[in-house]
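Colleague: For reference, the sequence and a predicted model appear below.
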Amino acid sequence: MGSFSDWSLRYWPATGSEGVDAYREAMAIVDPIGYIRHAAPAALFCQFAQNDPHIPREAALQFYDAGSIPKQIQWYDTSHSLNTDGDRRDRRAWLSSQLGLRDST
C-alpha cells in the first residue's frame, strides 16, 4: 500500500495490463519505499495531508515507518497540495534547522 507502484496502479490501471505482479516487480527498482530506509544519517521530515484524496493515511504511515531514523512526521488539515502557511512554515523551519541556518520567519 505504501509503495509507488500501488499508487500508480490506482490511477493508471492500464500500467498493470501485463499483470500486477510483473508491474510491481518492474517498478521495485525505482520505488521510493525501497530507498527511504537508507536515508540515514540524513534526517527525514514527512509531511502529509489529513484530507488527501490520493495518498491514504495507511500508505503515508507505511512510507514513514519504512524510513530510517532520525525522522519525524507532521499531519496537516489540508489536501494533497500541502500549500498552507502552516506546512510551509514547518518545512522552512525544519530545513533551516537541518542546514544550520537562521529561520527569518
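Modeller: That came through, no problem. Numbers count the residues shown, from 1 in each chain.
Colleague: List the buried residues for the longest helix along the chain?
Modeller: Counting by DSSP state H, the longest helix found in the chain is helix 85-99. For helix 85-99, burial by neighbour count (16 or more other C-beta atoms under 10 Å) applies to 87, 90, 94. (Each C-beta comes from the backbone N, C-alpha and C, glycine too.)
Colleague: Please name the residues that touch the second one.
Modeller: For Asp90, the set of contacting residues under the criterion of C-beta atoms under 8 Å, 6 or more residues apart in numbering consists of 45, 47, 74.
Colleague: Next one: the last one relative to Asp31, how far apart?
Modeller: To tie it back to what came earlier, the one meant is Gln74. 23 Å (C-beta to C-beta, to the nearest Å).
Colleague: So if I had to pick from those two, which one is more boxed in?
Modeller: Asp31 (17 against 14; other C-beta atoms under 10 Å).
Colleague: I'd say the more buried one and Ser8 touch.
Modeller: No: between Asp31 and Ser8 there is no contact under C-beta atoms under 8 Å: 9.7 Å.
Colleague: that older thread, chain center to the longest helix of the chain: distance?
Modeller: How far helix 85-99 lies from its chain's middle: 16 Å, per C-alpha atoms, centre = their mean, to the nearest Å.
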